[in-house]
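In: what follows is a predicted structure for the sequence shown.
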Amino acid sequence: MTSLTTATGPTGSGVPVVNEVVGVPGGIGEPARSARADALDAWLRRIFPGRPGVALVAVGGLGRRQCAPYGDLDLVLLHAGVAGIDELAASLWYPIWDAGLRLDHSVRTVAEALSVAQDDVKVALGLLDARHVAGDPALTGQLARTATDHWRRTAIRQLPGLREITAARWEAHGELAFLLEGDLKEAAGGLRDVGILRAIATAGVTDALRPAVHAAHRRLLDTRDALHQQVGRRVDRLLAQERDGVAALLGLRQPQLGAPVGAASDGAAADGGAPVRDDDAPPPVAEGDMLLRLVAGDARTVSHALDDAWRAADRLRSGRHRAAPGRPVRRPVARDVVEQDGELVLARTAIGARPDPSLSLRIAAAAATTRLPIARATCEWLAAYCPPLPAPWPPAARAALITLLGAGPGLVPAWETCDRYGLIDGWLPEWTRLRSLPQHNPVHRFTLDRHLVQTAYEASRHTREVERPDLLLLGAFLHDIGKGLAGDHSTVGAPLAEAVAARIGLPPAEATLIGTLVRLHLLLPDVATRRDLSDPKTVAGVAERVGDTGTLELLHALVQADAAATGPAAWSGWKGRLVAELVARVRTTLDTGVVPAPPAPDPALVAGPLPVVHLGEDRVAVAAADRRGLLATVAGCLALHRLEVISADAATVDGRALVECRVQPRYGLAPDPIALGADLRRAVAGDVSVIQRLRGRALAARSQGAAPRVVWHREAATDAVLLELRAADAAGLLYRVTCALDEAGAQVRAARISTLGGDVVDAFYLVGGAPSDEHRARVEAAVLAAV
């Protein structure tokens, strides 16, 4: 396709044009989409070689008159068995391709089209959008009527298959409401799901296309229009770098104070939540973040409507097969909660003039533990009539919240249902600020609200490992409550979490412990990956901050849950081992009051002829004659073999230098151990050819990005000064930096490498006494020059 241009189109309208050959206008919104459909219809009629018994039918976006600026054309050449149809089709398709348009096409008779629709539910859905463009309108009318009638008669039978296909798509693309870079069309809650809702409504199963769904659909279409116009081509994934531009095209501006963003409502429920007060107001939200929150709210509306529609279809199907027709069976599942037709509803005794304030939490807990949905009418009644919870909460409400958070797989759908009807805002006024808040760290896959709920779900896997599982669940749910506010989110979030814990009725000591968990939830992974765990000062410092073994085990479980909820890049086997090693050493310190002694060197390295090279699955150990630059040589050789160094320790024992490194393959494939061992032996022995290869690779792999930074820590180690480098990641970075340190006269006894997305935070323990200001400046300059 031709690129977007702001030149006046063929019509002389001054509207941006996305295809000058066809005269398809750009623009955003329903009028622009209709104008594109009109332009495409007119052009297709001009090039259509009209013949009796042939019709050109539009399906897909053109059939619905919802054409995106760079969308595909979905066309069916319908015929009544006329001769020469293949030549006729070629004379139509080639001009479309020549115009640069993407085309999905088929040539069929009415009977053939209906036969394919009978075997393929996706084709059946596509024919529901069939619209006449050119040729014989009677053929198009026959196809549209018959396809719609066939769908209405067979929908109940075909919906289970459609549901399986849809579930597979969701598995591949995720949930649009919670993804930071979701696909507006294919992800759960996206435009493809609106098409399924339209099909279910056409079948008469339920009123799937409610006003809230129509509004959400329109905004998602507008967002896709703006995304196409921003990028200048067909794209459905809303990438982070495009959000601000798309938001500007949509004219998004900061909302007025007190107007929640992204809390779309369904049915009778209000958008929900108390207005944000001046003293609680978060920092200004970027327009791109506003866009993401609005998309999340609309995706939730669509997803929730589709969940309702699936359940309505299930009830209809089960009702037809019920052996004894009559009143549905009601089965008690919890206090004031019964199951009816596969959904949870309120018991008749629970509905009164003064409902129990804990009722909404209790039915949410029942839904999560039984994995049954809450009926829509019940959610609407709770949103309208359930009174707010008093402060502190009654014990029944507090117990229900802990049950809900610890329910495992049932937590997320139950929580999402309650959020759609504004119930969460009644429990936690802070939720309005947290809902759909983007997280800009690249390791995160979810928005903040989903991350908090997901962390509680992951924490439920560790409840048997701690003495107070209830505090683990609550701490996991509140650990990032400070995000979105100015300052360090751990520090800012601690008093907020304490206030929530006190409001739900925890004793003061337990509320303080929740604040401690929030304040320290990053302590273990930060220390484990950035500090020398054999240094007594490291272990003593962590033990002093943690205070007792009960808090330590809660923090360990919280770290694992947080990492699992963040995404695959946030955790690995080596990181888990480092954290576990730190926890074990701190536990010993807390139990005995004595910091464990550093581990003794590997006996195999301190005996035998030099050099010694030992290769393990994730460990490389080298012993060689003591000389300057040995650590840099080993690091560079590992980089040549595409191994990332996670940690490195250097020591001198009886005149021989020992270097031990924890490593992992940079690209997932382990190197050839024979070649790696040979290069290591030659390199530590001073082989010039290997050292030249190291230097050549280092010059070719300079890191890019923001300016690097050096931070000094004087009191972080027992016998060393800590130099911390923050820079963009690059292959061979450790080799270049250790070479620079060696040339500047700094002796490295340990290094800890921490990669965060595209950046690194590398810590180097420099021995030999505190450097003077002049020496420190020289070392710092050498490191920055190497980066």
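Out: Happy to help now that I have it.

In: who are the contact partners of the residue most central in space within the chain?
Out: A centroid search over the chain (CA atoms, centre = their mean) returns Arg445, at 2.0 Å, as the residue closest to the centre. Contact analysis of Arg445 by CB atoms under 8 Å, 6 or more residues apart in numbering lists 174, 179-180, 566-567. C-beta coordinates here come from the backbone N, C-alpha and C atoms, glycine included.

In: inside helices: which ones of these?
Out: Among the contacts of Arg445, the residues falling in helices (DSSP state H) are Thr566.

In: looks like Thr202 contacts Arg153 (just checking).
Out: No - assessed by CB atoms under 8 Å, Thr202 is found out of contact with Arg153, at 11.7 Å.

In: neighbour count for the two, which is higher?
Out: Counted by other CB atoms under 10 Å, Thr202 and Arg153 do not tie: Thr202 has more neighbours, with 16 against 10.

In: hmm, back to that, determine which two of the contacts of Arg445 are furthest apart.
Out: Among those, the pair separated by the greatest distance (CB to CB) is Gly174 and Thr566, at 14.5 Å.

In: for Thr140, what are its contacts?
Out: 55, 57, 78, 130-132.

In: kindly list the main-chain dihedrals of it?
Out: The phi/psi pair for Thr140 (degrees, to the nearest 10) reads phi -60, psi -40.

In: how much space separates it from Tyr765?
Out: Between Thr140 and Tyr765 the computed distance is 77 Å (CB to CB, to the nearest Å).

In: now for the helix or strand containing Trp97, which elements pack on it?
Out: Applying DSSP states H and E as the criterion places Trp97 in helix 85-98. With contacts taken as 3 or more CB pairs under 8 Å, 6 or more residues apart in numbering; DSSP states H and E, helix 85-98 sits against helix 30-47, strand 54-59, strand 73-79, strand 103-109.

In: rerun at 7 Å
Out: strand 73-79, strand 103-109 (3 or more CB pairs under 7 Å, 6 or more residues apart in numbering; DSSP states H and E).

In: top of the contacts of Arg445 by neighbour count?
Out: Using other CB under 10 Å as the neighbour criterion, Leu179 leads the contacts of Arg445 with 23 neighbours.

In: that residue reaches Ala187, doesn't it?
Out: Yes - between Leu179 and Ala187 there is a contact under CB atoms under 7 Å: 6.4 Å.

In: ok, now which ones touch Trp427?
Out: Going by CB atoms under 7 Å, 6 or more residues apart in numbering, Trp427 touches 361, 389.

In: need the pLDDT of it.
Out: For Trp427, the pLDDT comes out at 95.

In: any idea how far Pro601 is from it?
Out: 56 Å.

In: show me where pLDDT drops low in the stretch 301-450 of the chain?
Out: 319-328 (pLDDT under 70).

In: mind doing that once more with 90?
Out: 304, 307-308, 310-331, 333, 340-343, 348-355, 376, 420, 436-447 (pLDDT under 90).

In: for it, what spans make up the strands?
Out: 330-334, 337-340, 343-346 (DSSP state E, counting those that start in this stretch).

In: mean neighbour count added to those strands, as TSV?
Out: Below are the strands of the stretch 301-450 of the chain laid out as TSV (neighbours: other CB atoms under 10 Å):
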stretch	mean neighbour count
strand 330-334	13
strand 337-340	19
strand 343-346	20
